[in-house]
Each structure stands twice: as structure tokens, then as C-alpha cells.
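**Student:** got a predicted model here, sequence first, then my questions.
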Amino acid sequence: MKLGKVLQYETYIILGLLMVAGTIGKLIFNLPIDSDWFWFIAGTGLVLEGFIDLIKQRQFSKKYKVVSKKEFESMWNDLKAADKKK
């Protein structure tokens with residue numbers, strides 16, 4: 001499982017480096033690179049980032065429960081009442 005996480009981040013970094021190298025190659029060395037390739041790499045990076053965020057959000061949601069203030073106060077009052085009964 002950890003290997004998959006590392007590969008996701010490495011792929012994201014590699015895509016960024018590929019864009020930087022392509023831009024430098026186009027500007028300094030005048031390489032004939034079509035701008036559509038940059039959009040493709042950027043889009044792939046955004047999709048990958050979205051998947052990473054989705055996985056992280058699901059992991060967070062499984063581990064923690066986000067409650068409203070009203071729910072929290074209700075649970076807190078229930079805990080206090082249970083302590084008083086002891």
C-alpha cells in the first residue's frame with residue numbers, strides 16, 4: 001500500500017519535471033514541441049493530483065468523523081451525564 005502512495009507522488013513530480021524540461025528545451029534550445037503536449041502533461045498531472053486528494057480524503061473520512069457543534073455538545077452532555085451516574 002505504501003509503495004502505491006510513493007509511486008503516485010513520484011509520478012506527479014516526474015510530470016512536473018517533464019513540463020519544466022520541455023519548457024526549457026523549447027525556450028533555450030528552440031525545440032519544436034507542440035504546446036498541446038504541455039496541456040496533456042498538465043491535464044494528466046491534475047487528474048493524478050485529484051486521485052491523490054480523493055484517496056487522502058477517503059482515508060481521513062474512514063479514520064475521523066467530522067461532527068457539527070450541535071452534535072458535539074449533545075455527545076459531550078451525554079458523557080457528562082454518564083459520569084454523574086457513576
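**Tutor:** On my side now, so go ahead. Numbers count the residues shown, from 1 in each chain.
**Student:** may I see the buried residues of whichever strand or helix holds Ala42?
**Tutor:** If you go by DSSP states H and E, Ala42 is part of helix 35-63. By neighbour count on 16 or more other Cβ atoms under 10 Å, the buried set for helix 35-63 is Ile41, Gly45. (Each C-beta comes from the backbone N, C-alpha and C, glycine too.)
**Student:** count the residues that sit near Leu15.
**Tutor:** 19 (other Cβ atoms under 10 Å).
**Student:** how about it, nearest residue that isn't a chain neighbour?
**Tutor:** Nearest residue to Leu15 in three dimensions, chain neighbours excluded: Gly45, at 4.3 Å (Cβ to Cβ, 6 or more residues apart in numbering).
**Student:** packing partners for the helix holding Ala42?
**Tutor:** helix 2-28 (3 or more Cβ pairs under 8 Å, 6 or more residues apart in numbering; DSSP states H and E).
**Student:** which parts of the helix it packs on are buried?
**Tutor:** By 16+ other Cβ under 10 Å, the buried positions in helix 2-28 come out as Tyr12, Leu15, Gly22, Lys26.
**Student:** ok now the least confident helix or strand in the chain by mean pLDDT, how far from the chain's centre?
**Tutor:** Using mean pLDDT, DSSP states H and E, helix 2-28 stands out as the lowest-scoring helix or strand of the chain, at a mean of 83. Put simply, helix 2-28 sits 16 Å off its chain's centre (Cα atoms, centre = their mean, to the nearest Å).
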